[in-house]
Structure formats: structure tokens, C-alpha cells
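# Structure, please.
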Amino acid sequence: MPMLDELMPWGVRPLRTGRTWVMAPDAASLIARWDTVVRARGAERDALFGGTRARTPRSAVGQLPGQTTGTGPFAGEDGRCPAPVRMDHGPFDRQWIIPDHRLIDVARPELWRVADGHQVFLVEQGPLPAGTEAPGPAVVVSAQLPDGYSPAGRPGRIRPLYRRPGGAEPNLAPGLPAALGARYGRPVDADAVFAWIVAAARPSASGCRVPLPADPEVWLTGVELGRRLLEIQLRGARGGERPRLPGGRRPYVRAAVPARPGDIGYEPGTETLSLGEGRISPVPAPAWDFRIGGVRVLQLWFERRTAPAAPGTLDAIRPPAWPQEWTSDLLELITVLALLGELAGQQAELSVHHEITELPGVLPPPGSARRPASVLDHPEEGPDGQFALL
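Okay, here's the model as predicted:
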């Protein structure tokens, strides 16, 4: 089977924040953390900032594309917090980040440069150790910028669908759609190839692989399945519909989540998810059992919001009680995982169809396809207010 790295050649390694306080499940906590740092002076600010070799309060770096943050050293910052933006922290975990390049060790500006309403990001989960139980899907997708975090702790790749803003220049091996169209006797566009990859990608010890069927009917079946998977994971982005379970199967809050839920659990007999004294049902078993890299998604999502933080750190600045917004996010996440779990069997059936192993003239792709496109639609401010040239 061809490697995903051959079909979508341009891949970027995960972001690296360097300090955990710049990302949080709620925007208000980020603003409060920023204000705490800005009010501090001297050594106290340095300690709260958490300097690394890549970033200190005296680093001067350029703006992230599309943002309007300062470019002088953070040590002199006394302004308001930039508006936090949504970002996926690992698979299916929508959080917020302060989009200030001075606070992020490795922000991957090339990804911010192509993030717009046309873009879709595919995150490859990376190779898994042999024998990993319930590894889950090999790729997940997002309409907002992901950090590329892998629950299994193994670095994968972030692969944008398009190499340029505005949905221009698909991130595919040159000639791939045309070659597949000739094989199947029908037009094949970039969206169809992307949908097939989402449906058929398989994890392996050597990396993500994508079977390509010789049968045109199998191809069409996989593309339609991939489009459904995309619609569910994008949650209404790009003009799609928000995911919903059928009536009678939609999860509801049966008992309010307490201010500080201590643990999370699941009762399969009643399909009830418990968060301390809180109760949500019905929660289909496929949602509770859904795993990425062998890690249960719902459990990890809960632990990120309830794990204790060291006193006196910026990470300890968080909501005093469980916000209602988190409950709404959880209900949507349950719906997404339940719908994806229902389709897992159909995805598995595609793995037996992999007759095409070579595409002469297409694979392997040229080295230029593995590099980001040269994109500069507007001037970008560099360190200390200078304009950057790209």
C-alpha cells in the first residue's frame, strides 16, 4: 500500500508551545493568565513566563500570519491579551490558544499562513508500537488549526489539504487525481482523493498507509464514506451540517455536572456517563470506547480539564467551577464519537482492497511537493516591527 507521505507530500511536524499556560479549554483563563504575567515585573515575570532556549521574555520574533500581536520583546509588554483563537489540542479536543508568536516555541507559521475557511487539516497519528490494542483511526481532520498532538505520544504529521490560501493547489502528489481518474474511468478531484484517504488510511509500524482499490465501485463507496466522516469531524465547517444523532439517541444531561467533578466513569447497561455526581445519557458504547492511538478520547478530554495544576503557576488559573460551555462541548464530542464509531466497521472493510501498488510517473512525488509553497498575500511584520520577506 502507498504511504500517506507519498500521496500528500507536504507534511509539517506538530507545534511545540514550550509552555503549557498559553493553551486552555476556555478563553477567559488565557486572558487572566496573560494579565497576571503582564502585571509581574523583573524576575517574577521571567519565572511566570517559563523561558526556554527558543523563547525568553527578551525574544523578538515576527507576527504569526493573520495576527496583529506585538513583535518587540515580551519583557516590555503591557497591553491587553490578543484575542484567543480556537485550536485542536490533539484529536477532537477543541481548546483555545494565545496567538502570540513570542509565547510559542515552534508555532509553524507556514500552517497559519494557509489556514482559512477553505482549508482542512489532516493529522496523521504517527506509527504505533506493534501489538497496540484498539489503535483507532490513523488520521483525523479539523477545519481549525491543530497542534498535531498525539495521545500515544508519538509525533505524526499535520497535512493541509491545500498548499495555498483560498483552496488553491491541492497538497497531493502531482498528477495523482488525473492518474486515478484514468484508472477508474471517471473524473477524480482533490476532494475525492482526500475523502478516500480519510476513510481508508491505516496505521502501521512504518507509518500511515493508504490502500488504493482497482475496482471503481469500491473507490466510489470509499469516497462517499470519507465524505460522511469528514462532515462529522468538521462539525458544520465548510458549509456542512453539524453532527446529530437520531431522536431518542441524543445525549442529555440527566444530573448536572458538579463544580468540581472528581472522576469519569461509564455504565454500559444504562449507557450512562458519570462525571462525579453528574450524569449524561444515553451515551452509546462506541463513543465511550472510541480510542486514538490506544487512548480513550473521552477520558483524556475529561482529565485535561480536571487534572490538578501546581499552585502558584499560570496553569492553576482556570475556571473556579465546571463551565456550562464544557458540558455543551462534551455533548457534541459524544455525538461525534458515536457517529464515527458506527462507521468504523465500514472503514475496516476498505482495508482488504489494495490492488494498486504503483502509479508510474506519480509516485514517488518530486521533492518540491514536500516543501511549503511560497505564499505572501500581504506583508507580514517581522521582529521589532520590520516587514518580513518570504
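# if I pick residue 121, what's in contact with it?
88, 111, 115, 141-146, 158-161 (CB atoms under 8 Å, 6 or more residues apart in numbering). Every C-beta, even on glycine, is put in place using the N, C-alpha and C of the backbone.
# Likewise for residue 50?
18, 19, 21 are the contacts of residue 50 under CB under 8 Å, 6+ apart.
# for these, which one is nearest residue 178?
residue 18 (42.7 Å; CB to CB).
# So, low pLDDT: which residues of the stretch 251-390 of the chain?
Residue ranges of the stretch 251-390 of the chain with pLDDT under 70: 351-354, 376-379, 384-390.
# Report the central residue of this structure.
residue 146 (3.3 Å; CA atoms, centre = their mean).
# helices and strands around the top helix by length along the chain, which ones?
In the chain, taking DSSP state H as the definition, the longest helix is helix 324-350. Packing partners of helix 324-350 (3 or more CB pairs under 8 Å, 6 or more residues apart in numbering; DSSP states H and E): helix 190-200, helix 216-234, strand 252-255, strand 278-281, helix 285-289, helix 297-306.
# helices or strands up against whichever helix or strand comes after that helix?
As assigned by DSSP states H and E, the chain's next helix or strand after helix 324-350 is strand 380-381. If you count contacts as 3+ CB pairs under 8 Å, 6+ apart, strand 380-381 packs onto strand 387-388.
# one step back: out of the helices and strands packed on helix 324-350, which is the most enclosed?
Most buried of these by mean neighbour count (mean count of other CB atoms under 10 Å) is helix 190-200; its value is a mean of 23.
# for that one, the distance to its chain's centre please.
With CA atoms, centre = their mean, to the nearest Å as the basis, helix 190-200 stands 17 Å off its chain's centre.
# Contacts for it next, please.
4, 7-8, 120, 122, 139, 141, 161-162, 170, 172, 176-177, 180, 210-211, 219, 222-227, 229-230, 346-347, 350-351.
# Including distance to residue 371, could the helices and strands packed on helix 324-350 go into a markdown table?
A markdown table is the format used below for the helices and strands packed on helix 324-350 (distance: least, CB to CB, whole Å):
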| stretch | distance to residue 371 |
| --- | --- |
| helix 190-200 | 19 |
| helix 216-234 | 26 |
| strand 252-255 | 48 |
| strand 278-281 | 46 |
| helix 285-289 | 39 |
| helix 297-306 | 33 |
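# out of the ones you listed, nearest to residue 357?
Checking the helices and strands packed on helix 324-350 against residue 357 by CB to CB gives helix 190-200 as the closest, at 14.3 Å.
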